[in-house]
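J.: A structural model of the following input is requested.
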Amino acid sequence: MAPSTVLVTGAGGRTGQLVYKKLKERVDQYVARGLVRTEESMEKIGGADDVFVGDIRDIASIVPAIQGIDALVILTSAVPKMKPGFDPSKGGRPEFFFEDGAYPEQVDWIGQKNQIDSAKAAGVKQIVLVGSMGGTNPNHPLNSIGNANILVWKRKAEQYLADSGIPYTIIRYIYGNL
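T.: This next block holds a predicted model:
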C-alpha cells in the first residue's frame, strides 16, 4: 500500500515539530508535509521541499500545501504573550495579550475553519484536530487570558469539524501542559 501524504499545520510549534518529525521517520507509512508561518520556522525544522510557508488566516496561501494530501493534522493555535515588565519577585500574576491579527478568534476559529474548508475542497480523507480541554466551559479561567476566549474559539472549530462531513479525530489536551 502506498504511503499516506499527511500535512502537519503548525509544524514550527512545539507539538507540531514532534508530529512532523515522527511522520518523517516512518517513510514506509507516510509522506510528511509541514506548514509553518515563517521562513524562520521553515529553517528551524529543516526547510525541506515538503515544508510550506503560509498563513492559515489567508485561505489562498495554504491551498498549495493541502493539494494532494490524504490527511491533515491541525496543530495551529493562538499563542498569548506576556506583557512586558512583569517581575515575579514582586508577586502577583503576569498579564497576557495577543498580537494584532493573532487573537484566538482569528487563529483558532477562522484559521482552523480555513484549513477544514480547504481540506474538504481538496478531498482530504481524514483530519486530526488537536484542541483543548475546557472548551465547553465559557467560564474557564483560560478564557480570561488576554480577554480572548481562547477555549471558546477552539471549541467552535471542533464543532465545525464535527459538522463538516469529513472523517475526523479530535484530541483534547490540557492547555499549556504539553
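J.: show me where this protein has helices.
T.: 14-25, 39-44, 59-66, 104, 112-122, 150-162 (DSSP state H).
J.: what is the rounded mean pLDDT of the longest one?
T.: Helix 150-162 shows a mean pLDDT of 95 in the predicted model.
J.: Same question for the first one.
T.: In this model, helix 14-25 carries a mean pLDDT of 95.
J.: What residues sit buried inside it?
T.: For helix 14-25, burial by neighbour count (16 or more other Cβ atoms under 10 Å) applies to 15-17, 19-20, 23-24. For glycine as for every other residue, the C-beta is placed from the backbone atoms N, C-alpha and C.
J.: do the third one as well
T.: Of the residues in helix 59-66, those with enough neighbours to count as buried (16+ other Cβ under 10 Å) are 59, 61-62, 65-66.
J.: hmm, back to that, so which of the buried residues of helix 14-25 comes closest to Ser118?
T.: Gly16 (17.4 Å; Cβ to Cβ).
J.: mind exporting stretch 86-102 as PDB, just the C-alpha atoms?
T.: Below are the C-alpha coordinates for stretch 86-102, written out as PDB (Å, rounded to 0.1, in the frame of the first residue of the first chain):
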ATOM      1  CA  PHE A  86       6.300  41.500  34.900                       C
ATOM      2  CA  ASP A  87       8.500  40.900  37.900                       C
ATOM      3  CA  PRO A  88       7.900  37.500  39.500                       C
ATOM      4  CA  SER A  89       9.800  38.600  42.600                       C
ATOM      5  CA  LYS A  90       7.000  41.200  43.400                       C
ATOM      6  CA  GLY A  91       4.300  38.500  43.400                       C
ATOM      7  CA  GLY A  92       1.100  38.800  41.600                       C
ATOM      8  CA  ARG A  93       0.100  37.300  38.300                       C
ATOM      9  CA  PRO A  94       1.500  38.100  34.900                       C
ATOM     10  CA  GLU A  95      -0.700  39.700  32.300                       C
ATOM     11  CA  PHE A  96      -1.000  38.400  28.800                       C
ATOM     12  CA  PHE A  97      -2.000  39.700  25.400                       C
ATOM     13  CA  PHE A  98      -2.300  38.500  21.800                       C
ATOM     14  CA  GLU A  99      -0.700  40.300  18.900                       C
ATOM     15  CA  ASP A 100      -2.900  42.100  16.400                       C
ATOM     16  CA  GLY A 101      -4.400  39.600  13.900                       C
ATOM     17  CA  ALA A 102      -3.300  36.700  16.100                       C
END
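J.: how far does it sit from the chain's center?
T.: Computed by Cα atoms, centre = their mean, to the nearest Å, the chain-centroid distance of stretch 86-102 equals 23 Å.
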